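K.L.:
Quick one: sequence plus predicted model below, questions after.
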Amino acid sequence: MRITRIVIPNFQQFSDFDLSLSDPITGKPLDRVCFIGRNGTGKSTLLRVIYDLLGRVANRPPQYAAVATTGGGFGGGGINPVSVIQTASRYQQDEVLAAAKLVTDDRSFWLCSTHGGRFNIYDERFELADWKHLTIGQYALSDSERAEFGENLRWDANKGDLVIFVPPDSAGTFPRGQLLPSTSLNEALRLFKEFPVFHEVSLDQVSKFWNVLIYQIKKREEDWQKYLQEPANRQKSVGEAAEEFDKTHSEILITLADLWNKILAVAGLEFDYKSAKKPVQLNENLEAFVRVISSRTPVNYNALSTGIRNFIFRVGHIYSLYFGRQINRGVLLLDEPENSLHPDFLYDLMDVYQSIIQNTQFFTATHSPIIAAQFQPEERVILEFDDDAHVVAHPGVTPIGDDPNDLLSKDFEVRSLYGKEGIENWERFLELRREIPTVLDSDQKRQLIQEYMRIGNAYNFSPDAISQ
């Protein structure tokens, strides 16, 4: 399953917005999409629209209210649509707010929501509609058609469906005195009964990450007992069986350490999985900490830098949701992955996420040219305002892996890469280039050349040859 188009007829800064998410050459859906643009152009809104529409298929209550009549919207503070229904006309309530086209192996369909909070599913007839004035009742599927769509639309974690939304994290911490995410074995065991399809990954949800870690630990213990009971393994020694079992059943704390230590090691830290205390009693929690490599002293998670803490919990949570599972239909929506991370670490950041996910359409929104440079130009969606202050979109220009400075000037359309002082020195540099050849006094010329070279060396301006 892939999302191939997003339509927003009339909502906030969007008007007649129609975005294709297909490769312009092959026509196939894009596996990766990177939204870039100025603040307020709707990058985060598009991620939330996708998350909300996918969730409505699964009858999951929308995380983000969508009520244009109050000035609210996706992620706009959780405004309840019911509160404005009395003041909005029936037609306004039923107008389509946003729609997404999904393509499966054998057919395509549209998911649509309205300003009044209603939801419906359309077939290809939607593409012929006047989107801005379309109402939810037009072209809606009949009950028999909806039943026909059932298998394509039904989300089920047991069948390998997974949708993850990752908002930009703030500098959150655990409550004072709390050293670990607050949960217990009893909470984690509920995942054996029902493993959700939809997940929000943030510091506010870090306890759910810890639940998944405990679940993965207990799932491996359960698989080990089942493995020992298989007829072919009953005659093997425990050592032989364990060696063979380990080849196909990795321990999540060990593999998580490999992932985390790529950034922790830079700060002289490591994930101490060997000393981890796994829960046995229902009221017990998983106790696993980061420690200083040199002194082996445990470190409170709250004591970690904002960037490190946000990253390890974010990437660890995503990793745990894919670990040991065959994901057949996945969507990852990642907002501002660069937050609080050193620029040098960003060059490989997308590779980190790509190494984790499988069979997943990957969406991200970023202000970082280093992140954006890791996408093909057709995978970059540049959002900007037109003359009417409505958002329009077009693909990127610079090739993948290009100098981020080229992206700043071409794709991000930054006016200048220099600050105020840099621009002033550039103008002085050009002035000196024009002035020096006209100066006849040798001492004065020497002083001007020294100033010219000093500015050029400081700012890496090109020191073109100047007549002496």
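P.N.:
Good, I have the coordinates. Numbers count the residues shown, from 1 in each chain.
K.L.:
Can you list the low-confidence ranges for the chain?
P.N.:
Applying pLDDT under 70 to the chain flags residues 58-92, 128-129, 131-143, 145-152, 170-172, 415, 463-468.
K.L.:
Can you tell me what sits against the helix or strand where Gly239 lies?
P.N.:
Using DSSP states H and E, Gly239 falls within helix 238-248. Outside helix 238-248, the residues that touch it by CB atoms under 8 Å, 6 or more residues apart in numbering are Asp223, Trp224, Tyr227, Leu228, Asn233, Lys236. C-beta: built from backbone N, CA, C; applies to glycine.
K.L.:
Go through the residues you listed and say which is closest to Gln205.
P.N.:
Asp223 (26.3 Å; CB to CB).
K.L.:
in this protein, which residue is closest to the centre?
P.N.:
Leu334 (0.8 Å; CA atoms, centre = their mean).
K.L.:
picking that back up, with secondary structure, distance to Ala265 and neighbour count as added columns, please give the contacts of helix 238-248 in JSON lines.
P.N.:
Below are these laid out as JSON lines (DSSP: H, G, I helix; E, B strand; the rest coil; distance: CB to CB, whole Å; neighbours: other CB atoms under 10 Å):
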{"residue": "Asp223", "secondary structure": "helix", "distance to Ala265": "31", "neighbour count": "14"}
{"residue": "Trp224", "secondary structure": "helix", "distance to Ala265": "30", "neighbour count": "15"}
{"residue": "Tyr227", "secondary structure": "helix", "distance to Ala265": "34", "neighbour count": "16"}
{"residue": "Leu228", "secondary structure": "helix", "distance to Ala265": "36", "neighbour count": "14"}
{"residue": "Asn233", "secondary structure": "helix", "distance to Ala265": "38", "neighbour count": "14"}
{"residue": "Lys236", "secondary structure": "coil", "distance to Ala265": "38", "neighbour count": "15"}
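K.L.:
tell me which of those residues is nearest to Leu430?
P.N.:
Using CB to CB, the contacts of helix 238-248 come closest to Leu430 at Asp223, 69.8 Å.
K.L.:
what sits against the closest one?
P.N.:
Phe245, His249.
K.L.:
For the remainder of this discussion, apply numbering that starts at 31.
P.N.:
Got it, first residue is 31 now, which makes that one Asp253.
K.L.:
Check which residues of the helix or strand that contains Asn435 are buried.
P.N.:
Asn435 belongs to helix 434-440 when assigned by DSSP H and E. Residues of helix 434-440 classed as buried by neighbour count (16 or more other CB atoms under 10 Å): Pro434, Leu437, Leu438, Ser439, Lys440.
K.L.:
Quickly note the distance from the closest residue to the third one other than its chain neighbours to Gln404.
P.N.:
By the measure of CB to CB, 6 or more residues apart in numbering, the closest residue to Leu438 outside its immediate chain neighbours is Val444, 4.5 Å from it. Applying CB to CB, to the nearest Å, one obtains 18 Å for the distance of Val444 from Gln404.
K.L.:
more crowded one of those two?
P.N.:
Gln404 (23 against 13; other CB atoms under 10 Å).
K.L.:
Just give the nearest non-adjacent residue to the more buried one, would you?
P.N.:
With sequence-adjacent residues excluded and distances taken as CB to CB, 6+ apart, Gln404 is closest to Met380, at 4.3 Å.
K.L.:
Enumerate every residue touching that neighbour.
P.N.:
Pro367, Thr394, Ile401, Gln404, Phe405.
K.L.:
Could you count how many residues lie near the nearest residue to Gly67 once chain neighbours are set aside?
P.N.:
Distances taken as CB to CB, 6+ apart put Leu413 closest to Gly67, at 3.4 Å, once the chain neighbours are dropped. Leu413 has 23 neighbours, counted by other CB under 10 Å.
K.L.:
Repeat that for Phe393.
P.N.:
Phe393 has 25 nearby residues by other CB under 10 Å.
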